[in-house]
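Novice: Provided below for reference: sequence and predicted model.
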Amino acid sequence: MDKKKAILAIDGKDPIELNILRGSLGCQELDIRTLGAQGYFAFDPGFTSTASCQSSITYIDGDKGVLLYRGFPIDQLALNSNYLEVCYILLYGEAPNVKQFHDFKISLTHNSLLHEQIYNLLRCFCRHAHPMAMLCGMTGALAAIYHDSMDVHRKSHRDLIAIRLLAQMPTMVSMCYRYATGKPFVYPCHDFSYSGNILYMMFSDPSETYVINPILERALDCILILHADHEQNASTSTIRTAGSSGANPFSCISAAVASLWGPSHGGANEACLLMLEEIGTIENIPVFLRRAKDKNDPFRLMGFGHRVYKNYDPRAMVMREVCHEVLNHLEVKKDLMEVAMELEYIALHDSYFIERKLYPNIDFYSGIILKAMGIPSSMFTAIFAMARTVGWIAHWKEMYDEGIKISRPRQLYTGYTQRNFNSKITS
Ligand code: ACO
């Protein structure tokens, strides 16, 4: 990194010299780490202008609509790769050769079975519990099982944790679906691809042969690739923060799942589909648009806007294509897609959305695809969590590889100044 300097002058005091850091791509960044020692903190709620770490995993240019995993453009990966290869790239930094890929796949398939106690844990949930509640519990509970890989300071343990999580997340997510729908659990099958196995575990009937639909298999794989990582979003920052204390990695994943659940983050795909269903027909769109623009109404158009992308989300472009392909293939009723397309058109031409740079995001399309595939909307965020697990683990591992430092943000205190205490309950 370059060693350029910036000068910070405050109230005529001696100027403070700050280093300017430059990564391999992107903005220049002021190194403010020395400010605290000089009696100042930076105030930046929501981290709109603050980098919390350095990372070499994923790069986003929100203005240009660019997303790179380890330097590789997302559209190239979505078209020419598969989810497991992308996982390898995110975890280890380079594309695998044939042997590396084969060994990676074998290690995942050999670790995909859940401990039977996890099934017993799942049986304790109400059947109508939200799958994300089940997933928070199941991922956290893995900490009670894998005592042989708990030394987070040992690389071999961290590598094993990564494989176990990546291998077992599809099993857990599929089991949530089977449990919620009262269907018997189906164990993973080594004959299928990562995505094919997910379809098999979710939709097969134990008394019949299951034939995988290649278009749906590819669509699911694409959804997983596009959601695999997205640099320092809320859930990834959560796993870094939770993990920075040296906490058990499975509980950190559970924390990330909880963060993802929110409707401003991973919960948006479910919220978006519910919104499209609520809108119902093209004639109802103007009412919802009015509500979205009304400052006194908390309603927002779900699936629009992004903290980082102030241009078209490059993942949304790919997802749009896949969406059309799946809908055409399945010949499902296209009411929702018609509402979605009209909403997209209006929003792209409406000054409110243009001025605020609010474009459709990936969740706008992924929910429609998942619904067409027969996956209930309550499962959408769990599918997202499954896809993002590799990103969470890659960041958690990177944090350890680079030297762990506990996350401890500061605050702008706005409470009382010091005052004397007089109890109101004792005379
Ligand atoms: N509908 C209507 N207005 C919106 C929307 C929306 N979806 N998103 C932002 N705005 C408006 C805000 O009201 C605000 O208007 P103002 O300047 O007049 O006050 C302006 O756009 C900026 O909004 P912020 O909340 O400051 O933008 P921020 O970057 O903090 O929020 C977010 C980003 C949370 C994604 C927001 O756009 C949103 O809530 N979108 C809907 C939920 C959604 O789709 N989330 C998925 C994100 S992608 C993902 O996690 C995979």
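Specialist: Sure, I can see it.

Novice: tell me the contacts of the residue of the stretch 101-250 of the chain found nearest the ligand?
Specialist: Shortest the stretch 101-250 of the chain-to-the ligand distance, computed as Cβ to the nearest ligand atom: residue-wise this is Asn233, at 6.3 Å. Quick note: C-beta positions are derived from backbone N, CA and C, even for glycine. With contact taken as Cβ atoms under 8 Å, 6 or more residues apart in numbering, Asn233 is in contact with 265, 307.

Novice: How about Asp350?
Specialist: Applying Cβ under 8 Å, 6+ apart, one finds that Asp350 lies in contact with Leu289.

Novice: If we use 10 Å, what do you get?
Specialist: Shown here is Asp350, whose contacts under the criterion Cβ atoms under 10 Å, 6 or more residues apart in numbering are 289, 292-293, 358.

Novice: Met172 belongs to a helix, doesn't it?
Specialist: Yes - using DSSP: H, G, I helix; E, B strand; the rest coil, the secondary structure at Met172 is a helix.

Novice: Can you report how many residues lie near it?
Specialist: Here the number of neighbours of Met172 (other Cβ atoms under 10 Å) works out to 25.

Novice: looking at it, it is touching Ala385, isn't it?
Specialist: Yes - Met172 is within contact range of Ala385, at 9.3 Å (criterion: Cβ atoms under 10 Å).

Novice: shared neighbours of these two, anything?
Specialist: Counting by Cβ under 10 Å, 6+ apart, the residues touching both Met172 and Ala385 are 131, 135, 139.

Novice: so which helix or strand takes in the second one?
Specialist: Spelled out, it's Leu135. Counting by DSSP states H and E, the secondary-structure element that holds Leu135 is helix 131-141.

Novice: and that helix, average pLDDT?
Specialist: In this model, helix 131-141 has an average pLDDT of 97.

Novice: isn't Pro360 right up against Cys272?
Specialist: Yes - applying Cβ under 10 Å, one finds Pro360 in contact with Cys272, separated by 9.4 Å.

Novice: who touches both of these two?
Specialist: Overlap of the contact sets of Pro360 and Cys272 (by Cβ under 10 Å, 6+ apart) consists of 301, 303-304, 340, 343.

Novice: most neighbours, which of those residues?
Specialist: Across the shared contacts of Pro360 and Cys272, the neighbour count under other Cβ under 10 Å reaches its highest value at Gly303, namely 28 neighbours.

Novice: Tabulate the shared contacts of Pro360 and Cys272 (a markdown table), appending distance to Gly39 and pLDDT.
Specialist: Putting the shared contacts of Pro360 and Cys272 into a markdown table (distance: Cβ to Cβ, whole Å; pLDDT from 0 to 100) gives the following:
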| residue | distance to Gly39 | pLDDT |
| --- | --- | --- |
| Leu301 | 44 | 92 |
| Gly303 | 44 | 89 |
| Phe304 | 42 | 91 |
| Ala340 | 52 | 87 |
| Leu343 | 50 | 90 |
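
Novice: Just the ones of the residues you listed in helices?
Specialist: With helices identified by DSSP state H, the entries of those that belong to them are 340, 343.

Novice: and Phe43, what pLDDT?
Specialist: Phe43 is assigned a predicted lDDT (pLDDT) of 95.

Novice: and it, what does it touch?
Specialist: Neighbours of Phe43 in contact, by Cβ under 10 Å, 6+ apart: 50, 410-412.

Novice: Wait, Pro298 touches Ser264, no?
Specialist: No - taking contact to mean Cβ under 10 Å, the distance of 11.7 Å between Pro298 and Ser264 leaves them out of contact.

Novice: So for those two, which residue has more residues nearby?
Specialist: Ranked by neighbour count (other Cβ under 10 Å), Pro298 and Ser264 place Ser264 first, with 12 against 7.

Novice: Report how many residues lie close to the spatially closest residue to that one that is not a sequence neighbour.
Specialist: Using Cβ to Cβ, 6 or more residues apart in numbering and skipping residues adjacent in sequence, the residue nearest Ser264 is Ala234, 7.7 Å away. A count of neighbours around Ala234, defined by other Cβ under 10 Å, yields 17.

Novice: Ala234 touches Pro263, doesn't it?
Specialist: No - taking contacts as Cβ under 10 Å, Ala234 lies outside contact range of Pro263: 11.6 Å.

Novice: Now the stretch 251-400 of the chain against the ligand: closest residue?
Specialist: Closest to the ligand within the stretch 251-400 of the chain is Gly305: 2.4 Å, counting by Cβ to the nearest ligand atom.

Novice: who touches that residue in this structure?
Specialist: Taking Cβ under 10 Å, 6+ apart as the definition of contact, the neighbours of Gly305 are 264, 268, 292, 313, 347, 353, 356-361.

Novice: What's the separation between Ile7 and Asp31?
Specialist: From Ile7 over to Asp31 the distance is 13 Å, taken as Cβ to Cβ, to the nearest Å.

Novice: right, I mislabeled it, should have said Ala292
Specialist: Ala292 is 39 Å from Asp31, where distance means Cβ to Cβ.

Novice: more neighbours, those two?
Specialist: Using other Cβ under 10 Å as the criterion, Ala292 and Asp31 rank with Ala292 on top: 21 against 15.

Novice: Am I right that that one is in a strand?
Specialist: No - with three-state DSSP as the criterion, Ala292 is located in helix rather than a strand.

Novice: Which residue would be the closest one in the stretch 1-150 of the chain to the ligand?
Specialist: With distances taken as Cβ to the nearest ligand atom, the stretch 1-150 of the chain approaches the ligand most closely at Gly46, which sits 6.6 Å away.

Novice: Domain map for this protein?
Specialist: The record's domain split for the chain, according to automatic domain parsing, is 3-51, 67-262+376-401, 268-372.

Novice: Which helix or which strand is home to Phe380?
Specialist: Phe380 belongs to helix 380-402, assigned by DSSP H and E.

Novice: That should have said Cys189, apologies.
Specialist: Using DSSP H and E, Cys189 maps to neither a helix nor a strand.

Novice: tell me the contacts of it?
Specialist: Residues in contact with Cys189, defined by Cβ under 10 Å, 6+ apart, are 109, 112, 196-197, 200-201, 204, 210.

Novice: just for the protein, where's the confidence low?
Specialist: Scanning the chain for pLDDT under 70 picks out 1-2, 332-333.

Novice: List the buried residues for the longest strand seen in it?
Specialist: Counting by DSSP state E, the longest strand found in the chain is strand 16-22. Residues of strand 16-22 classed as buried under the neighbour-count rule (16 or more other Cβ atoms under 10 Å) are 18-19, 21.

Novice: now stretch 212-228
Specialist: Under the neighbour-count criterion of 16+ other Cβ under 10 Å, stretch 212-228 has 212-213, 216-228 buried.

Novice: Over to stretch 310-325?
Specialist: If you call a residue buried by 16+ other Cβ under 10 Å, then stretch 310-325 has these buried ones: 312-320, 322-324.

Novice: All set now, cheers.
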